[in-house]
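[1] Fold the following.
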Amino acid sequence: PRDGRLIVVGAGKAAGSLAMGIETVLGDRIDDGCIIVKHGHETPLARIRTFEAGHPIPDSAGVLATEELLRTLHGLTERDSVIVLLTGGASALMVAPAEGVTLAEKACVTDLLLRSGASIDEINRVRRRLSRVKGGRLLYHVGGASVLTSAA
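    Numbering: from 1, shown residues only. Take a look at the predicted model:
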């Protein structure tokens, strides 16, 4: 809708490429945005801010970037729209430890799972339990805004 804001958020190793495409198509229609990409994969964007974070082991940069992503979503209403871009690596890059879980604990668990040979599906099942944003919990932060998700 033209009377509300359009916000773009996302995370993943290819989130920068998707965000670039969204900016090409929607341009000045985008009011704000925040994506999180792997260290060394920053994409020059005009309307969407890019933050780099650790992958596959979560780091403090991911915590700070996720806090900024959540701030970007703060105060949305039913008149607003959010496009969520999620690509491979998002589960490591979006870092918001669950109550009672530290970043160091999340990093240690991730490292142990990676070394154990666990599949990405198994790792992500554990990551969901240790997070305030994974497993659909990101939706709690969009208020009444409409959401379109692009997962690649």
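
[2] who touches the residue lying closest to S150 once chain neighbours are set aside in this structure?
    Of all residues not flanking S150 in the chain, L85 sits nearest, at 5.3 Å (Cβ to Cβ, 6 or more residues apart in numbering). C-beta coordinates here come from the backbone N, C-alpha and C atoms, glycine included. Contact analysis of L85 by Cβ atoms under 8 Å, 6 or more residues apart in numbering lists 8-12, 15, 18-19, 22, 35, 149-150, 152.

[3] helix, strand or coil for K134?
    Classification of K134 using DSSP: H, G, I helix; E, B strand; the rest coil returns coil.

[4] my guess is it meets L93, correct?
    No. Counting by Cβ atoms under 8 Å, L93 is not a contact partner of K134; they are 11.0 Å apart.

[5] more neighbours, these two?
    Ranked by neighbour count (other Cβ atoms under 10 Å), K134 and L93 place L93 first, with 33 against 19.

[6] Let me see the contact set for the more buried one.
    11-12, 36-38, 53-55, 58, 62, 65.

[7] L139: which of the residues you listed is nearest?
    Checking the contacts of L93 against L139 with Cβ to Cβ, the nearest one is A11 at 14.6 Å.

[8] so what pLDDT did the closest one get?
    We note a pLDDT of 97 for A11 in this prediction.

[9] likewise A98?
    At A98, pLDDT is 94.

[10] Around T24, how many other residues sit close by?
    9.

[11] got the contact list for the one helix or strand it maps to?
    Using DSSP states H and E, T24 maps to helix 15-26. With contacts defined as Cβ under 8 Å, 6+ apart, helix 15-26 is touched by 6, 8, 10, 30, 33, 35-37, 41-43, 45-48, 50, 83, 85-87, 90, 150, 152.

[12] would you put the C-alpha positions of it in PDB?
    C-alpha atoms of helix 15-26 as PDB (Å, rounded to 0.1, in the frame of the first residue of the first chain):
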ATOM      1  CA  ALA A  15      20.800 -11.500   0.800                       C
ATOM      2  CA  GLY A  16      22.900  -8.700  -0.700                       C
ATOM      3  CA  SER A  17      22.100  -9.900  -4.200                       C
ATOM      4  CA  LEU A  18      18.400 -10.200  -3.400                       C
ATOM      5  CA  ALA A  19      18.400  -6.700  -1.800                       C
ATOM      6  CA  MET A  20      20.100  -5.200  -4.900                       C
ATOM      7  CA  GLY A  21      17.400  -6.700  -7.000                       C
ATOM      8  CA  ILE A  22      14.700  -5.300  -4.700                       C
ATOM      9  CA  GLU A  23      16.300  -1.900  -4.800                       C
ATOM     10  CA  THR A  24      16.400  -2.000  -8.600                       C
ATOM     11  CA  VAL A  25      12.700  -2.800  -8.900                       C
ATOM     12  CA  LEU A  26      11.300  -0.700  -6.000                       C
END
